[in-house]
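Chemist: quick one, structure for this:
(chains A and B)
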Amino acid sequence: MASDPYAALGVARTATDAEIKKAYRGIAKTSHPDLNPDPAAQDRFKAASAAYDLLKDPEQRRRFDAGEIDAQGQERPQQRFYREHAEASGNPYAQGYGFEGDPDLSDVFADLFGRRGAGGFRQGRAGGFDMRGQDYRFSLQVDFMTAAKGGKTRVTLPEGGTLEVSIPKGVRDGQTIRLKGKGGPGAGQGAPGDAYLTISVAAHPEFRREGDDILLTLPISLDEAVLGGTVAAPTIDGPVNLTIPRGATSGQRLRLRGRGINGGDQHVELKIAMPPQVDEDLVRFMQEWRGTHGYDPRRGMKT
Amino acid sequence: MTRFYSETEVVARIDELTPGRLHGFLRSRVVVPVEAGDGARYRDADLARLQLLCHLIDCYDLRDDALSLVMSLVDQLNTARGDMRAVMQVLAEQPDELRQRLHADIRARRG
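Modeler: Got it, this is the predicted structure:
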């Protein structure tokens, strides 16, 4: 920001609090980046809001006037501009702007950009005519297991009340579920609108998903890695026995066929975990073993 | 991964936002957060939108219906701007011959 906050706001140093506020609002009105695309306006607005943040607090203003603090360090920690989000694809508030109703162009338009709600958040206005109810759009976050196995959850409706929603098994992040007739009520003889739920799937501490396949990193002990054996591996349907081959190594992938979602597989990546304490026995054994059996796992690396 | 904020976090992060204001926005559906089982979750886009809404109220004295109208126009414009940007980027990558033909056709329609 400019080193002089008074200059940034265009007021005298003797300006009253009301004058400062008025000056800030004047600049904000003409230069807010969400309302004015000119980059110079954005700079003007940033300087003015930093200056206003400093001067609106009487104590800060007094300290600045007395030379105890300078105008720096008063930048807003984060200035969010809606436009950056609103222009991006996938903005939840994206709204059609008039081509949906054009008989000649609506198909061309939908082919290019997909279908959007017209007035996604506005209330339908009832009039003396029949009108289909408004479509509601919700974003719904479901936990990993519900998404993997299906289940029921509830969404709270803006006008009160709740809606029970069945989450289909294997629903993916970003997928939209349509609930026919669960939108706003129609006017007159009009049918109710539909509700659309865009699903986001929350992360799981252990499982990851790749389509219908499940990925899991499974720690195994040093002795299990050397000797092989059977261990219990968690799957989304509970633990199953997994055979660890003798001489298993970190990063090795084993497949549990059909243990994913809807016929997908679960892939288990092994990770050798050292014992919590390396005791004398192990050290002695390893020292002897190294003497006669040493090997270089890095041989053959290119760099 | 999208970052999510709770209602308390949102109110703490935006100076001008009070719980009362936020509930008004929710009632008029001018902000629609993500529903999780245990309450609403707000995305970065929701935060930016809330900040703009507060700004429109404080600087322009917009209320309920007017606020909905302005936000609807802002959304339409931004969606159009994003679409237009995508179209322009695709056009820019086309061969010269096609771009010249489109240029002539568009000129003929839009003067």
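
Chemist: make it CA atoms for all contacts and neighbour counts henceforth
Modeler: Fine.

Chemist: number of residues surrounding residue A:70?
Modeler: By other C-alpha atoms under 10 Å in any protein chain shown, 16 other residues sit near residue A:70.

Chemist: so it touches residue A:64, yeah?
Modeler: Yes: Residue A:70 is within contact range of residue A:64, at 6.0 Å (criterion: C-alpha atoms under 8 Å).

Chemist: residues contacting residue B:44?
Modeler: Residue B:44 is in contact with A:85, B:3, B:4, counting by C-alpha atoms under 8 Å, 6 or more residues apart in numbering or on different chains.

Chemist: should've said residue A:108
Modeler: Contacts of residue A:108 by C-alpha under 8 Å, 6+ apart: none found.

Chemist: helix or strand: which one has it?
Modeler: Using DSSP states H and E, residue A:108 sits within helix A:106-113.

Chemist: just the buried members of the contacts of residue B:44?
Modeler: Among these, the ones that count as buried by 16 or more other C-alpha atoms under 10 Å in any protein chain shown are A:85, B:4.

Chemist: dump the contacts of residue B:44 into JSON lines; add pLDDT as well.
Modeler: Converted to JSON lines, those look like this (pLDDT from 0 to 100):
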{"residue": "A:85", "pLDDT": "83"}
{"residue": "B:3", "pLDDT": "78"}
{"residue": "B:4", "pLDDT": "85"}
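
Chemist: give me the nearest residue to residue A:136, chain neighbours excluded.
Modeler: Spatial nearest neighbour of residue A:136, excluding adjacent residues (C-alpha to C-alpha, 6 or more residues apart in numbering or on different chains): residue A:195 at 4.6 Å.

Chemist: and that neighbour, what are its bridge partners?
Modeler: residue A:136, residue A:179 (DSSP bridges).

Chemist: count the residues that sit near the residue nearest to residue B:83 when sequence neighbours are not counted.
Modeler: Nearest non-adjacent residue to residue B:83, counting by C-alpha to C-alpha, 6+ apart: residue A:113, 7.4 Å away. When neighbours are defined as other C-alpha under 10 Å, residue A:113 has 14 of them.

Chemist: and the pLDDT for residue A:113?
Modeler: On pLDDT, residue A:113 comes in at 76.

Chemist: for residue B:79, see how far away it is.
Modeler: 10 Å (C-alpha to C-alpha, to the nearest Å).

Chemist: which parts of chain A are strands?
Modeler: Assigned by DSSP state E, the strands in chain A fall at A:136-142, A:151-156, A:162-167, A:176-179, A:195-201, A:207-210, A:213-221, A:229-233, A:240-244, A:253-256, A:266-273.

Chemist: what is the third one packed up against?
Modeler: The reference is to strand A:162-167. Where contact means 3 or more C-alpha pairs under 8 Å, 6 or more residues apart in numbering or on different chains; DSSP states H and E, strand A:162-167 is packed against strand A:151-156.

Chemist: touching chain B at all, the strand it packs on?
Modeler: Yes: residues of strand A:151-156 are located near chain B by C-alpha under 8 Å from any C-alpha of the partner chain, namely A:153, A:154, A:155, A:156.

Chemist: partner strands of that strand, parallel or antiparallel?
Modeler: Short version: by DSSP bridges, strand A:151-156 pairs with strand A:162-167 (antiparallel).

Chemist: where does the prediction get shaky in the stretch 101-250 of chain A?
Modeler: For the stretch 101-250 of chain A, the stretches with pLDDT under 70 are A:115-131, A:158-159.

Chemist: would you map the helices across the stretch 1-150 of chain A?
Modeler: Using DSSP state H, counting those that start in this stretch, the helices of the stretch 1-150 of chain A run over residues A:5-9, A:17-31, A:39-55, A:58-65, A:82-86, A:106-113, A:144-149.

Chemist: mind listing what's buried in the second one?
Modeler: So the one you mean is helix A:17-31. Residues of helix A:17-31 classed as buried by neighbour count (16+ other C-alpha under 10 Å): A:20, A:23, A:24, A:25, A:27, A:28, A:29, A:31.

Chemist: figure out how far it is from the centre of its chain.
Modeler: Relative to its chain's centre, helix A:17-31 lies at 35 Å (C-alpha atoms, centre = their mean, to the nearest Å).

Chemist: so which elements touch that helix?
Modeler: helix A:5-9, helix A:39-55, helix B:44-60.

Chemist: break the chain into its domains for me.
Modeler: Answering for chain A, as no chain was given. A:5-85, A:132-201, A:208-293 (automatic domain parsing).

Chemist: sorry, should have said chain B
Modeler: Split by automatic domain parsing, chain B gives B:1-62, B:63-111.
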